[in-house]
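>>> turn this into a structure:
(2 chains)
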Protein chains: 2
Amino acid sequence: MPTNLQVLLDHRPTDTVSPANFRIVEAPVGAPGPGEVLVRHQFLSLDPAMRPMLDDVRSYQKPQEVGGVMRGRTVGIVEASTNPRFQPGDAVQGEGGWQRFSLSDGRDLTIIDAKAIPLQAYLGPLGLPGVTAWYGVNRIIAPKPGETVLVSAATGAVGSIAGQLARLAGARVVGVAGGPEKCAYAVKELGYAACADHKSQSFADDLKAALPKGIDGLFENVGGEPFRQALRRLNDFSRIALCGVIASYQGAPTGVPNIGLLVVRRIKMEGFIVFDHLDLWPEAIRELAGHVAAKRLAWRETIRDGLENAPQALVDLLKGENFGKMLVRVT
Amino acid sequence: MPTNLQVLLDHRPTDTVSPANFRIVEAPVGAPGPGEVLVRHQFLSLDPAMRPMLDDVRSYQKPQEVGGVMRGRTVGIVEASTNPRFQPGDAVQGEGGWQRFSLSDGRDLTIIDAKAIPLQAYLGPLGLPGVTAWYGVNRIIAPKPGETVLVSAATGAVGSIAGQLARLAGARVVGVAGGPEKCAYAVKELGYAACADHKSQSFADDLKAALPKGIDGLFENVGGEPFRQALRRLNDFSRIALCGVIASYQGAPTGVPNIGLLVVRRIKMEGFIVFDHLDLWPEAIRELAGHVAAKRLAWRETIRDGLENAPQALVDLLKGENFGKMLVRVT
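Below is the predicted model:
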């Protein structure tokens, strides 16, 4: 049997995560027991929410176990199986974690169609980020034609899909992204009407200029100063889909300075986690797959090669150095 | 014709409002012109939202005009009318303002039934406060049986109805009020399961003890420290109906320190103004009137006599010196 390579959490970060928090080990690969499936991973998904998972705090996700294989979503190919639902060669998406191979009882695995669509799209527009974008846009913001929707981390795995879904719903979509390259991509490839670079000195003015009619829907992934600026531009009856607060995962918390604003403007602000809505996944994936098949959705990936580079990739993701979905190709 | 007495806004408060901000004048009462109704007021409604109305800021309510008669809801009796919808002697609710008589084209007036129910109830449980409570409880919190709902300003005009409606919906209802007398009334007369006195040294501990299962719904009228304490007790999937922030109308703004909490706990926070939902008023009033007729709703009033005492009554309302709905009897 081949050898497994695994990335373990060695010790929790106290502040900023670094590769030193992880440990890479080799381990034997066992043969599948009764009903088990052995999967050879091709891609790991890296997600911002992995940072809070490293802390030992009560949350919607269990803390990552110290000394355990880092948890995470994966796509791969079935190598061996004693489970009648899976055959060797099947492409599957699952919760295999940061390792070359995983053994599963099959309950976390879904067979995916990797012929028409690249395998790793099931970690992006047809996976967790896509469904997250779908839920926030359709079930919280529910943009009406002509409304303005602002998306932070506008070119990220979630933001890029959120922006496009809001545009497909008829909204004028404005993005916030880090750097001129991402902003140019947001406008040219993703169809944003405008994009403000939060690294620019003129960010506050640029954002204001991009929002002549204010904000009716805010898809918030980041928090921090751009969020505080966005609060100033919210219209009456605006909706905030709170998806994540990347800026605060390793920095100061982001707050709302004055809840009176929410009353005066009748604003709805709603935090959500897509795992709470598993019943909607089939509908969401069906719609997203339709958009992908019709080439109505663009997306971008940053692929890092080699499992051993996953820790650095997570560090870079949290600094926004990715461009689109951050993936690790397992070699 | 009798003489009108009017309370005008003399100048805007810069910080805390005082009677010196107002001016009381006499004025002639005109006869109704074509289609007009002359109403003799019996009660003025005093509402916390009158404080922000005194500021010259953009909001859902137009700023009160300096030199103009203070705006406000009233109940009274038609004195004379050339409008075929209204006859002398009709009891009406309207927007007559702080004056003994008002002339109206009738568009703000509703004929009310003052036989079975005291006139001023149409400024309380069957008026703006009642419908406000109804909307926040039924349309935002939507309590399920067995859930815990926390209500601030628990014995106030809105809070007392909100607490009772949540209890009638099957929730366990906990209140926050100022002082032992209000807390005792909340439990004994309004049916709260518990009430924490925010003026007590042991408030934070008392609140925690009153919420063994946390908070599923928060009906927020006040803000300030009780709101910050409540944030710590919110359960997953809890709903915050943001009705007002009385503590911040003349004090420091109330904020949410960390929006990450809203994501992790999947919390919905929604500001609302009952005037946006005029379509629901008939349904709300019908339900509220049913509860009142069946004696399922209790309420209390603080009545100040004399129009000239309205400014002091507003000052006292903002300090929480009222017990239940604050009214001025026009004599």
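>>> walk me through the domains of chain A.
The record's domain split for chain A, according to automatic domain parsing, is A:3-123+A:300-329, A:128-275.
>>> how about those domains in a markdown table, adding mean pLDDT, distance to chain B and mean neighbour count?
Bear in mind the C-beta positions are built from the backbone N, C-alpha and C, glycine included. Converted to a markdown table, the domains of chain A look like this (pLDDT from 0 to 100; distance: least, CB to the nearest CB, whole Å; neighbours: other CB atoms under 10 Å in any protein chain shown):
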| stretch | mean pLDDT | distance to chain B | mean neighbour count |
| --- | --- | --- | --- |
| domain A:3-123+A:300-329 | 95 | 5 | 18 |
| domain A:128-275 | 97 | 4 | 22 |
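>>> now the ones you listed in JSON lines, with distance to residue B:303?
Shown next, in JSON lines, are the domains of chain A (distance: least, CB to CB, whole Å):
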{"stretch": "domain A:3-123+A:300-329", "distance to residue B:303": "49"}
{"stretch": "domain A:128-275", "distance to residue B:303": "28"}
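>>> who wins for proximity to residue B:162 among those?
Closest of these to residue B:162 is domain A:128-275, at 15.0 Å (criterion: CB to CB).
>>> quick check on residue A:19: phi, psi?
The phi and psi values for residue A:19, taken as degrees, to the nearest 10, are phi -60, psi -20.
>>> who are the contact partners of the closest residue to it other than its chain neighbours?
Computed as CB to CB, 6 or more residues apart in numbering or on different chains, the closest residue to residue A:19 that is not its neighbour in sequence is residue A:311, at 3.9 Å. Neighbouring residues of residue A:311 by CB atoms under 8 Å, 6 or more residues apart in numbering or on different chains: A:7, A:17, A:18, A:19, A:21, A:22.
>>> ok, which stretches of the stretch 151-300 of chain A are helices?
All helices of the stretch 151-300 of chain A, identified by DSSP state H, counting those that start in this stretch, fall at A:157-168, A:180-188, A:203-210, A:224-231, A:246-249, A:260-264, A:281-293.
>>> for residue A:218, which non-adjacent residue is spatially closest?
Nearest residue to residue A:218, sequence neighbours excluded (CB to CB, 6+ apart): residue A:240, at 4.5 Å.
>>> ugh, wrong one, I meant residue A:102
Nearest non-adjacent residue to residue A:102, counting by CB to CB, 6+ apart: residue A:96, 3.6 Å away.
>>> distance check, the residue nearest to residue A:19 against residue A:56.
Between residue A:311 and residue A:56 the distance is 19 Å, computed by CB to CB, to the nearest Å.
>>> ok, residue A:30 next?
Taking CB to CB, one finds residue A:30 at 29 Å from residue A:56.
>>> one more: residue A:9?
11 Å.
>>> before we move on, what about residue A:90?
Taking CB to CB, one finds residue A:90 at 36 Å from residue A:56.
>>> how about residue A:303?
From residue A:303 to residue A:56 the distance is 31 Å (CB to CB).
>>> could you do residue A:283 as well?
Distance from residue A:283 to residue A:56, by CB to CB: 36 Å.
>>> what angle sits between the host helix or strand of residue A:133 and helix A:281-293?
For residue A:133, the host element (DSSP states H and E) is helix A:128-135. Interaxial angle, helix A:128-135 versus helix A:281-293 (axes from the mean of the first three to the mean of the last three CA atoms, to 10 degrees): 100 degrees.
>>> check contacts around residue A:20.
residue A:10.
>>> that one: what secondary structure?
Classification of residue A:20 using DSSP: H, G, I helix; E, B strand; the rest coil returns helix.
>>> distance check, residue A:236 against residue A:145.
18 Å.
>>> sorry, wrong one. I was asking about residue A:132.
23 Å.
>>> over to residue A:196?
23 Å.
>>> what do you get for residue A:78?
Distance of residue A:78 to residue A:145, computed by CB to CB: 45 Å.
>>> over to residue A:181?
30 Å.
>>> find the nearest non-adjacent residue to residue A:52, please.
residue A:249 (5.7 Å).
>>> quick one, what contacts the one you found?
Counting by CB under 8 Å, 6+ apart, the residues that residue A:249 touches are A:48, A:51, A:52, A:318.
>>> against residue A:160, how distant is residue A:298?
In terms of CB to CB, residue A:298 sits 7 Å off from residue A:160.
>>> what do the two both touch?
residue A:190.
>>> need the pLDDT of residue A:2.
Predicted confidence (pLDDT) for residue A:2: 82.
>>> what about the strands in the stretch 201-331 of chain A?
Under the criterion DSSP state E, counting those that start in this stretch, strands of the stretch 201-331 of chain A are mapped to A:215-220, A:234-242, A:268-271, A:301-305, A:325-329.
>>> tabulate those strands (TSV), appending distance to residue B:112.
Below are the strands of the stretch 201-331 of chain A laid out as TSV (distance: least, CB to CB, whole Å):
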stretch	distance to residue B:112
strand A:215-220	38
strand A:234-242	30
strand A:268-271	33
strand A:301-305	65
strand A:325-329	61
